[in-house]
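S.K.: Here you go, sequence then predicted model.
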Amino acid sequence: PVNRFCAASNNRTGFLCDDKVTCVPASQVCNTVSNCGSGEDEQEELCGDLPRSLPGHLVFRCSNPAYWVYADQRCNGMNDCGDCSDETGSLAACPPCGSEWWNCRPVLYEYCSCIPRRLCRDGIQHCHSWSDEYIC
């Protein structure tokens, strides 16, 4: 198969359409919505046996081998694998929390090592240390 690697917005891993211009973010491939002009991002040969039928660059394997996520979901701040291996695992190799994030140990499974700064000082505990309410 053709490589089709490209960088979508925010340098996220993507799938290059036949037009060699359109770059579809990995997580929008095989989602039943055609993003490429000819629909090649939804074809049976690509989507028939997920994740095996996908090019390797579109897939991130969680530390639990039964689970995988699209490559552009790695290091997005969300716990997509369920065990945070897509955010804090050595395979993920994510940078530290960005400026839009607050570094703490979250209370909810939704986040891993950072929470969105918009959740700071909202009267709801999101960090075990309560730092999102008192320091952030």
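M.R.: Arrived safely.
S.K.: Show the contacting residues for the residue positioned nearest the centre of the chain.
M.R.: Central residue of the chain (C-alpha atoms, centre = their mean): Gln73, 0.6 Å from the mean position. Contacts for Gln73 (C-beta atoms under 8 Å, 6 or more residues apart in numbering) come out as Ala26, Ser27, Phe60, Asp80, Asp86. Placement of C-beta: from N, CA and C, glycine included.
S.K.: May I see these organised as CSV, with secondary structure added?
M.R.: Shown next, in CSV, are these (DSSP: H, G, I helix; E, B strand; the rest coil):
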residue, secondary structure
Ala26, helix
Ser27, helix
Phe60, strand
Asp80, coil
Asp86, coil
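S.K.: Just the buried ones from those residues, in PyMOL syntax?
M.R.: Only the buried members of these enter the following PyMOL selection, criterion being 16 or more other C-beta atoms under 10 Å:
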select buried, resi 26+27+60+80+86
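S.K.: mind listing the helices in the protein by residue range?
M.R.: Remark: helices assigned in the chain by DSSP state H are 44-47, 131-134.
S.K.: what would those helices look like in TSV with mean neighbour count, mean pLDDT and distance to Tyr67?
M.R.: Shown next, in TSV, are these (neighbours: other C-beta atoms under 10 Å; pLDDT from 0 to 100; distance: least, C-beta to C-beta, whole Å):
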stretch	mean neighbour count	mean pLDDT	distance to Tyr67
helix 44-47	13	95	18
helix 131-134	16	96	28
